[in-house]
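Student: pasting the sequence and the predicted model now:
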Amino acid sequence: MAARPCRWQGRKSDVYTSWEMCIQVNVLFIWCSECVVARRGFTCMIKNVAAAPLHRRLADEFRARIESGRWPEGEQAPSEAALCEEFGTSRGPVRQALASLRAEGLIVGGRGRSPLVRRNVPSHAASALGSFTGWAREHGREPGQRTVLQARVPASAEIAERLQVAEGEPVLELHRLRTLDGAPALLETMYFVWSLGCRLMEFDPDSGSVNRFLLDHGADLYASTHQLDAVAATADEADRLGLAEGAPLLRVRRTTTDAAGDVVEYAEDRYAPGLTTVIVENRLFAAPSANPPALRSVPVRRDA
């Protein structure tokens with residue numbers, strides 16, 4: 001059949017070179033270069049397409065738009081209301097379809113606001129968990145930051161214990177929102193012993209990597225340990241990251257020591273979902289190895 005423009009309810013469109021779905025009244029309509037129109041009651045060349053539940057067909061369409069770049073990575077997809085209007089359906093199927101994509105890591109957010117597309121999630125080695133700037137640039141991404149707070153404050157009881165200093169002793173507190181290709185990626189909260197923190201008073205945290213600045217100025221950052229868990233986003237965290245309150249965040253608590261074993265920094269990073277996953281590899285005690293078990297992260301699978 002010769003290719004020609006398709007029309008439905010007065011809608012005009014260009015010729016499609018790939019399948020595109022338009023779902024109206026729970027019926028599938030398909031336009032392509034070979035099949036001009038598939039209308040209600042019309043037998044199309046696609047096998048059993050309309051038999052699939054509406055939310056699955058919607059999910060397939062949304063997934064195809066992400067893979068094709070029609071919904072670009074790092075940008076917001078249409079809102080639920082816009083998708084309901086486009087496909088002539090209620091919010092239920094649209095929400096189910098978006099939930100499927102959210103579970104696959106293809107989008108984040110979307111509850112009450114437009115979801116953010118996250119098509120490719122680069123791997124994140126555990127050794128780089130304390131260097132977001134270096135990790136991002138290693139994968140060809142552009143890191144960014146916005147300082148929320150930088151101040152000399154008296155150490156609270158909790159922070160004093162973490163830094164192994166006396167309660168009330170001055171420390172540097174630093175809060176930043178980090179971005180990846182312009183999109184909110186994680187929240188950083190850092191505390192430094194004052195002997196190290198006083199050097200950062202000369203540093204503009206909006207300019208780049210804190211670790212790089214400290215190392216370039218002779219700071220002794222010898223080793224760090226990381227504790228990972230999942231937490232729910234508070235209202236403030238959700239607002240800063242563009243997520244719904246209660247959304248799961250990957251929390252990384254980091255303690256950095258100098259060569260003498262003294263604690264010089266305590267930090268908490270809270271990553272937006274879909275940014276990275278972590279895998280722990282270990283061996284049985286009966287099979288020792290010269291190399292200790294490695295902690296590494298891998299990208300979220302997009303074809304799961």
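Tutor: Everything's here; your move.
Student: M190 against V210, yeah?
Tutor: Yes. Using CB atoms under 8 Å, M190 is in contact with V210, at 7.0 Å. For the C-beta atoms, the positions are set from N, CA and C on the backbone; glycine is no exception.
Student: quick one: common contacting residues for those two?
Tutor: Common neighbours of M190 and V210 (criterion: CB atoms under 8 Å, 6 or more residues apart in numbering): L174.
Student: which stretches in the stretch 201-304 of the chain count as strands?
Tutor: 223-232, 248-257, 263-271, 277-280, 295-298 (DSSP state E, counting those that start in this stretch).
Student: adjacent strands (with direction) for the second one?
Tutor: Looking back up the chat, that one is strand 248-257. strand 223-232 (antiparallel), strand 263-271 (antiparallel) (DSSP bridges).
Student: may I see the buried residues of it?
Tutor: Neighbour-count burial for strand 248-257 flags 249-257 (criterion: 16 or more other CB atoms under 10 Å).
Student: closest to T147 among these?
Tutor: Closest approach to T147 among these (CB to CB): R254, at 18.7 Å.
Student: residues contacting the closest one?
Tutor: R254 touches 129-130, 224-227, 265-269, counting by CB under 8 Å, 6+ apart.
Student: bridging residues for the closest residue to it other than its chain neighbours?
Tutor: Leaving aside its chain neighbours, R254 sits nearest to A267 (4.6 Å; criterion: CB to CB, 6 or more residues apart in numbering). The partner list for A267 in beta bridges (DSSP bridges) reads M190, R254.
Student: check P184 too.
Tutor: T179.
Student: what helix or strand is E173 on?
Tutor: Using DSSP states H and E, the element containing E173 is strand 170-180.
Student: okay, that strand in CSV with CA atoms only?
Tutor: Taking Å, rounded to 0.1, in the frame of the first residue of the first chain, the C-alpha atoms of strand 170-180 are listed here in CSV:
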residue,chain,number,x,y,z
PRO,A,170,34.4,24.5,65.5
VAL,A,171,34.0,22.5,62.3
LEU,A,172,33.2,23.4,58.7
GLU,A,173,29.7,22.4,57.5
LEU,A,174,29.1,22.4,53.7
HIS,A,175,25.8,21.5,51.9
ARG,A,176,25.6,21.3,48.1
LEU,A,177,23.2,20.2,45.4
ARG,A,178,25.1,18.3,42.7
THR,A,179,23.8,18.0,39.1
LEU,A,180,24.6,15.7,36.3
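Student: what about G197, neighbour count?
Tutor: If you count neighbours by other CB atoms under 10 Å, G197 ends up with 23.
Student: relative to S207, how far out is it?
Tutor: G197 is 17 Å from S207, where distance means CB to CB, to the nearest Å.
Student: could you do L98 as well?
Tutor: Counting by CB to CB - L98 and S207 are separated by 37 Å.
Student: least confident of the contacts of R254?
Tutor: Note: of the contacts of R254, the lowest pLDDT belongs to L129, at 48.
Student: after the host helix or strand of A99, which helix or strand is next?
Tutor: Secondary-structure element containing A99, defined by DSSP H and E: helix 91-103. Counting by DSSP H and E, the next helix or strand C-terminal to helix 91-103 is strand 107-108.
Student: for the next helix or strand after that next one, name the packing helices and strands.
Tutor: Downstream of strand 107-108, the next assigned helix or strand under DSSP H and E is strand 116-117. Where contact means 3 or more CB pairs under 8 Å, 6 or more residues apart in numbering; DSSP states H and E, strand 116-117 is packed against strand 107-108.
Student: which helix in this protein runs the most residues?
Tutor: helix 54-68 (DSSP state H).
Student: give the buried residues for it.
Tutor: Buried positions in helix 54-68, judged by neighbour count with 16+ other CB under 10 Å: 54-55, 57-63, 65-66.
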